[in-house]
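**Student:** Please find the sequence and the predicted model below.
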Amino acid sequence: IESSRGCTMPCTFCSITRHYGGLNYRAFPIDRVIQDARNAYALGTRYLFFVDDNLSLDQKRFGALCDALIAAGLPGLSFSAQGYVAGLYQQEWLLDKIAQARFRMIFLGIENVTSRNLTYYKKGDIVKKTEWVLRALQERGILVMGGFILGSPEDTKADILGQFDFMRRWAIDSYLIQILTPYPGTELTKDLDARGYIVNRDLSRYNGFFANVQTNSLSSRDLEYLKWKHQPYYRDVRWLLSSNAARQYLGKILLREGLPRAWEFLVEKTRILLRGEDYAFRKFCQKHLNANSFFGETKVPVWPDVRH
């Protein structure tokens, strides 16, 4: 379901502003949005994702939308949406309405928790605000899917491991961990190109999950390896004991994911034992590169800036 389009935030990495021709924001009338929800409900839908680029951009409108959803009286219908830290920070009244309107999950554009990178992305130094929003959402039982971006020009191994440590400490329910991608036309891409950080221009690999850039100290392969080796495997024991998702959906998680993830774990450990870590890493990259292929073609992992 969609209630608005566009975003007015100046994030340098984002392609949305190019897609909509600048820092534009347009909203549909709330009555229309409620009617769309009613139509979906009548067809049997009980969960709707708001595809708005940033539903928390206009806090007053978001609050009014929550009021309208509550008043619509659609029992059993719940929602998720995309938001940003500054739009929810210290907005207790809005967070209460979001919970009352049965928003079960918020995708939160955290992006990074290194001040240098946040400045580079034009996000502002929002680490403390991010922590406040995470705590506020968790206290209300609202799940958080955290969006993170790795691979800025100054990133070191320690910087990247610091992002993973933050995810673990805050028991974030789910992650979308992307490697910085130089989408054509963005402000960030112009800078990366001018300074020689872009190592691959095959747009079919520009899905956010694979490295097309290098940093001052890390190759594109290093970035992918660090993500594979160290990213939190969030369905682990510590996560199961501390996350909202596990508290609310433990049975479903174990039933749907327990066996597949255990098998995945065993296969990877067997590959490392029999063929070595490099082989296991390449097999992982091969599988996920092709699983995320836009055009259905078979891809082979390559890192143009690394000598093989």
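**Tutor:** Arrived safely, thanks for sending.

**Student:** can we go C-alpha only for contacts and neighbour counts from here?
**Tutor:** Will do.

**Student:** For the chain, give me the ranges with low pLDDT.
**Tutor:** 21-22, 233-235, 294, 308 (pLDDT under 70).

**Student:** What helices and strands are in contact with the longest helix along it?
**Tutor:** Longest helix of the chain, by residue count under DSSP state H: helix 244-275. Under the contact criterion of 3 or more CA pairs under 8 Å, 6 or more residues apart in numbering; DSSP states H and E, helix 244-275 touches helix 237-242, helix 277-291.

**Student:** what distance separates the last one from the centre of its chain?
**Tutor:** What it means is helix 277-291. 21 Å (CA atoms, centre = their mean, to the nearest Å).

**Student:** Check the first one too.
**Tutor:** Here helix 237-242 shows a centroid-to-chain-centroid distance of 20 Å under the convention CA atoms, centre = their mean.

**Student:** For it, name the packing helices and strands.
**Tutor:** helix 244-275.

**Student:** Pull out the buried positions in the helix it packs on.
**Tutor:** For helix 244-275, a neighbour-count test (16 or more other CA atoms under 10 Å) marks Asn244, Ala245, Ala246, Glu268, Arg271 as buried.

**Student:** related to what we said a few turns ago, would you list the helices and strands packed on helix 244-275 in JSON lines and tack on distance to Gln138?
**Tutor:** Listed next are the helices and strands packed on helix 244-275 as JSON lines, based on distance: least, CA to CA, whole Å:
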{"stretch": "helix 237-242", "distance to Gln138": "11"}
{"stretch": "helix 277-291", "distance to Gln138": "31"}
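
**Student:** Can you lay out the ones you listed as CSV showing mean neighbour count and distance to Pro184?
**Tutor:** Shown next, in CSV, are those (neighbours: other CA atoms under 10 Å; distance: least, CA to CA, whole Å):
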stretch, mean neighbour count, distance to Pro184
helix 237-242, 15, 37
helix 277-291, 16, 20
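
**Student:** Between its first and last residues, how far does stretch 266-284 reach?
**Tutor:** Across stretch 266-284, the terminal residues are separated by 13 Å (CA to CA, to the nearest Å).

**Student:** Also stretch 180-199?
**Tutor:** Stretch 180-199 end-to-end distance (CA to CA) = 12 Å.

**Student:** how deep is Leu43 tucked in, by neighbour count?
**Tutor:** 9 (other CA atoms under 10 Å).

**Student:** Just give me the neighbour total for Arg32.
**Tutor:** 12.

**Student:** Equivalent analysis for the one 10 residues further on, please.
**Tutor:** Using other CA under 10 Å, the number of residues around Ala42 comes to 11.

**Student:** do the same with the one 4 residues further on
**Tutor:** Here the number of neighbours of Arg46 (other CA under 10 Å) works out to 15.

**Student:** shouldn't it be in contact with Phe103?
**Tutor:** No: the criterion here is CA atoms under 8 Å, and Arg46 misses it with Phe103 at 11.9 Å.
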